[in-house]
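*Asks:* Using only what follows, build the 3D model:
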Amino acid sequence: MSATNVQFSVGVHIMQVLHAHADEKVTSSSITKSVNADAGSVRLVLAKLAKAGLVKTTRGRSGSSRLARPAQKISLLDIYRATAAPPVFAVHSHPVECKCVVSRQHKDTMARVLKDSQAAFEATLARKKLSDTVEPRRRRG
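*Replies:* Numbers count the residues shown, from 1 in each chain. Below is the predicted model of the structure:
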C-alpha cells in the first residue's frame, strides 16, 4: 500500500490562512497552529509555495508570509503543481503475466484511463480559485 501524500491539502490550507488573514501579519507559527501539524512539514510546503511564486515570505524574528497575488488569480491547480503532489492515480507495478490476455493489456489500458482522469482532475482544479474556498476575515472596527 502506498503512503498518502497530504502536501496539496496542507498547501491549500496554508493558502486559505493567508487569504483569510490577508490584512494581518501571518507568521509560520500561526499557520502551523491552524494546520495543526508538525512545524517542519508546514514550513516545507510553505517553501514550495514561495518557490512557485504563490507566497512571499520575510524571514527573521518578525518574519511573516502573504499571498504573492490576489486569491482570485490563484487556482487550486497552481497550488497542486507547487506542492509537487503525485498524480492522483497510478497503475500497479506488478509484473505482467505474459500468458494472460488481461494482464498483457491491463497496464496500457489503465495508463490511458488514468491519464484522462488526471487531466479531468487538473481541469477541475484550474477552474477553482483560492478565493472560492474561504472568505477573507474582515477586521471589526
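*Asks:* For the rest of this, base every contact and every neighbour count on C-alpha atoms.
*Replies:* Noted.
*Asks:* Give the other helices and strands that the biggest helix by length in the chain contacts.
*Replies:* Counting by DSSP state H, the longest helix found in the chain is helix 101-127. Other helices and strands packing on helix 101-127, by 3 or more C-alpha pairs under 8 Å, 6 or more residues apart in numbering; DSSP states H and E, are helix 76-82.
*Asks:* Name the surrounding residues that touch the helix it packs on.
*Replies:* Outside of helix 76-82, the residues that reach it under the criterion C-alpha atoms under 8 Å, 6 or more residues apart in numbering are 8, 11-12, 48-49, 51-52, 54, 122-123, 125-130.
*Asks:* Dump stretch 91-99 to PDB, restricted to CA.
*Replies:* Coordinates of each C-alpha in stretch 91-99 appear next as PDB, following Å, rounded to 0.1, in the frame of the first residue of the first chain:
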ATOM      1  CA  VAL A  91      -1.000   1.800 -12.300                       C
ATOM      2  CA  HIS A  92       0.300  -1.000 -10.100                       C
ATOM      3  CA  SER A  93       3.800  -2.200 -10.600                       C
ATOM      4  CA  HIS A  94       3.200  -5.900 -10.500                       C
ATOM      5  CA  PRO A  95       4.900  -7.800 -13.400                       C
ATOM      6  CA  VAL A  96       2.800  -8.700 -16.400                       C
ATOM      7  CA  GLU A  97       1.700 -12.400 -16.700                       C
ATOM      8  CA  CYS A  98       2.500 -13.000 -20.300                       C
ATOM      9  CA  LYS A  99       0.100 -16.000 -20.600                       C
END
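*Asks:* Now do that stretch: distance to the chain's middle.
*Replies:* Distance of stretch 91-99 from its chain centroid, counting by C-alpha atoms, centre = their mean, to the nearest Å, is 31 Å.
*Asks:* Pull the residues that contact that stretch.
*Replies:* Applying C-alpha under 8 Å, 6+ apart, the external contacts of stretch 91-99 come out as 103-104, 107, 110-111, 114.
*Asks:* nearest to G60, of those?
*Replies:* L114 (43.9 Å; C-alpha to C-alpha).
*Asks:* what sits against the closest one?
*Replies:* 89-91.
*Asks:* ok, now with 10 Å
*Replies:* 87-91, 108, 120 (C-alpha atoms under 10 Å, 6 or more residues apart in numbering).
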